[in-house]
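Engineer: based on what follows, work out the 3D shape:
(2 chains)
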Amino acid sequence: MNPTPSTSPSKLIRRVHLYLALFLTPWMIVYALSGLVLNHNETVRSWYGGKFPEFEKIEERPYTTVFSTGATPREIGVQVLADLGLAGSFNTPPNPPAERLVFNRFASFSAHRVTYFRTENRVVIEKQITPAPVIVNRAHFRSGYEQPYLASKIWAATVDLAVVGMIFWILSGVFMWWEIKPARLWGALCAFAGFGIFGVLLATL
Amino acid sequence: MQNWNLLFRRAHLYLGLLLIPWVLVYAVSTFVFNHREHFREYRAADPQWLPLWEKDYTLPALPAANNPTALRAAAGTILAAQGMSGAFAVRRTGQGLMINVADFWHPHRLAYDAAAKKLRAEEKRFAGIELLARLHERTGYGQGGPLNNLWALMVDVYCVTTLVWIATGLYLWWKLSVTRRWGWLALGGGVTTIVALVLAL
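Structural biologist: Predicted structure coming up:
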């Protein structure tokens, strides 16, 4: 007995292909736009006078929280940013001097750089105006489960979903192509051309 | 209308088949980036750079760090003198230059020390996951050579094609009326999720 159309493997594959793509549409738009920005970096920078805006100091204030000697820069950063109302994913340069820690807090639409002078008990807060190309690039580069924040971990899970989606689109796309007999020849030529171009570039660049 | 439908279906399909290698590379490398803590052990072992040779060399004048055109010209002169070519990046390092020569399999770097009048060449130790990263991260025109420009063109094709897949995919979804309800749910779920995350991050 043939499976009914509503439960056939072919239909299931087509539906998963479609719904996965619809869910991931915003991520794919971000990656595509950011890819164009990165591929035309100098042109995009020229729209902003050759370089993107620098950090500007917006505040300097006393900061008297005391940390134990064993506290790591990341642990200190979590606390400092929380105390300043800037909690969220951040990075800190490797091997910083003990008396001067820098925390780069990259939110979606703004960037702050907080410099904590431990021996002087003060912090300097700088802010960078974030133009649209930087916003999409920041979303593009955001990945990983190492940040201790729920939103960052969910974002990382969506990145994994995008990876699964891309692999699934390839496999299901090849399956659907093979089901369409009139498309086999031209499809094979396209795939052959793609692998050929990629192979030549991989071997020579 | 039938012709548009067929055109969109075929464009969606053929572009997908053409770009399979790029989709695969971007997907696998993104997985590595997203789980970097598990892949650190697969990076090249130290020392990352293996010495190749060192020789006497004198560059007539060391360009200023803030003059990228002169820096590239000087690096191009050094590379040509060594019979090397390909895409490269250069930066001033104190009284010297560091030239990184891009190569998917075997990246090189040349360190020029103006004070000692020495030129040292090194090769990056190979690691598979770093090859993936290089494939993922290579972008941009302006390196000269048809193959460098072809890679940049393929990156553009990939990005534009992604937008074409979205546009044609939305069209094809809309033509399948039985999928609209679940489609709206999927699309709305995606938009809501990304908006919530972008605001929370």
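
Engineer: let me know the pLDDT of the residue of chain B positioned farthest from its centre.
Structural biologist: Distance from the centre of chain B peaks at residue B:178, with 40.3 Å (CA atoms, centre = their mean). As predicted, residue B:178 sits at a pLDDT of 92.

Engineer: that one and chain A, how far apart?
Structural biologist: According to CB to the nearest CB, to the nearest Å, residue B:178 stands 9 Å off from chain A. C-beta: built from backbone N, CA, C; applies to glycine.

Engineer: low-confidence bits of chain B, can you list those?
Structural biologist: Applying pLDDT under 70 to chain B flags the ranges B:1-2.

Engineer: recalculate using a threshold of 80.
Structural biologist: Residue ranges of chain B with pLDDT under 80: B:1-2, B:144.

Engineer: tell me where it has helices.
Structural biologist: For chain B, applying DSSP state H gives helices covering B:2-18, B:20-34, B:36-39, B:68-81, B:128-137, B:146-175, B:180-200.

Engineer: report the angle between the longest one and helix B:180-200.
Structural biologist: Going by axes from the mean of the first three to the mean of the last three CA atoms, to 10 degrees, helix B:146-175 is angled at 130 degrees with respect to helix B:180-200.

Engineer: any buried residues in helix B:146-175, and which?
Structural biologist: B:147-148, B:150-152, B:154-155, B:157-159, B:161-162, B:164-166, B:168-170, B:172-173 (16 or more other CB atoms under 10 Å in any protein chain shown).

Engineer: do the fourth one as well
Structural biologist: Applying a neighbour-count criterion of 16+ other CB under 10 Å, the buried positions in helix B:68-81 are B:71, B:72, B:74, B:75, B:76, B:78, B:79.

Engineer: one more: stretch A:54-68?
Structural biologist: By neighbour count on 16+ other CB under 10 Å, the buried set for stretch A:54-68 is residue A:63.

Engineer: span of it from start to end?
Structural biologist: Terminal residues of stretch A:54-68 lie 33 Å apart, using CA to CA, to the nearest Å.

Engineer: same question for stretch B:31-48.
Structural biologist: Start and end residues of stretch B:31-48 are separated by 23 Å (CA to CA).

Engineer: could you dump the buried residues of helix B:68-81 to a markdown table with distance to chain A?
Structural biologist: Listed next are the buried residues of helix B:68-81 as a markdown table, based on distance: CB to the nearest CB, whole Å:
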| residue | distance to chain A |
| --- | --- |
| B:71 | 15 |
| B:72 | 12 |
| B:74 | 19 |
| B:75 | 17 |
| B:76 | 17 |
| B:78 | 20 |
| B:79 | 15 |
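
Engineer: which SS state does the residue lying closest to residue B:10 once chain neighbours are set aside fall under?
Structural biologist: Take residue B:10 and drop its neighbours on the chain: the residue closest to it by CB to CB, 6 or more residues apart in numbering or on different chains is residue A:183, 6.7 Å away. With DSSP: H, G, I helix; E, B strand; the rest coil as the basis, residue A:183 sits in helix.

Engineer: what sits against residue A:183?
Structural biologist: Taking CB atoms under 8 Å, 6 or more residues apart in numbering or on different chains as the criterion, residue A:183 is in contact with A:177, B:10, B:13, B:14.

Engineer: thought the third one was touching residue A:174?
Structural biologist: No - when contacts are counted by CB atoms under 8 Å, residue B:13 is not listed as touching residue A:174 (9.9 Å).

Engineer: more neighbours: the two, which one.
Structural biologist: Neighbour tally, residue B:13 and residue A:174, criterion other CB atoms under 10 Å in any protein chain shown: the higher count belongs to residue B:13, 20 against 16.

Engineer: and stretch B:131-151, how far apart are its ends?
Structural biologist: The first and final residues of stretch B:131-151 sit 15 Å from each other (CA to CA).

Engineer: so what touches it?
Structural biologist: A:35, A:38-42, A:197, A:200-202, A:204-205, B:25-26, B:28-30, B:32-33, B:85-88, B:102, B:104-105, B:107, B:152, B:155.

Engineer: how about a cut-off of 7 Å?
Structural biologist: By CB atoms under 7 Å, 6 or more residues apart in numbering or on different chains, the surrounding residues in contact with stretch B:131-151 are A:38-39, A:41-42, A:201, A:204-205, B:25-26, B:28-29, B:32, B:87, B:102, B:104-105, B:152, B:155.

Engineer: quick one: contacts for residue B:74?
Structural biologist: Contacts for residue B:74 (CB under 7 Å, 6+ apart) come out as B:59, B:63, B:97.

Engineer: which intervals of chain A have sub-threshold pLDDT?
Structural biologist: Scanning chain A for pLDDT under 80 picks out the ranges A:1-7, A:95-96, A:98.

Engineer: next one: the residue nearest the centre of chain B from residue B:102, what distance?
Structural biologist: Most central in chain B under CA atoms, centre = their mean is residue B:138, positioned 1.8 Å from the mean C-alpha point. As judged by CB to CB, to the nearest Å, residue B:138 and residue B:102 stand 7 Å apart.

Engineer: just the contacts of residue B:74 now: which is nearest residue A:83?
Structural biologist: residue B:97 (43.6 Å; CB to CB).

Engineer: neighbours of the closest residue to the closest one other than its chain neighbours, just the number please.
Structural biologist: Leaving aside its chain neighbours, residue B:97 sits nearest to residue B:112 (4.4 Å; criterion: CB to CB, 6+ apart). Other residues near residue B:112 come to 24 when the count uses other CB under 10 Å.

Engineer: now do residue A:119
Structural biologist: Counted with other CB under 10 Å, the neighbours of residue A:119 add up to 8.

Engineer: part of a strand, is it?
Structural biologist: No - under three-state DSSP, residue A:119 falls outside any strand and is assigned coil.
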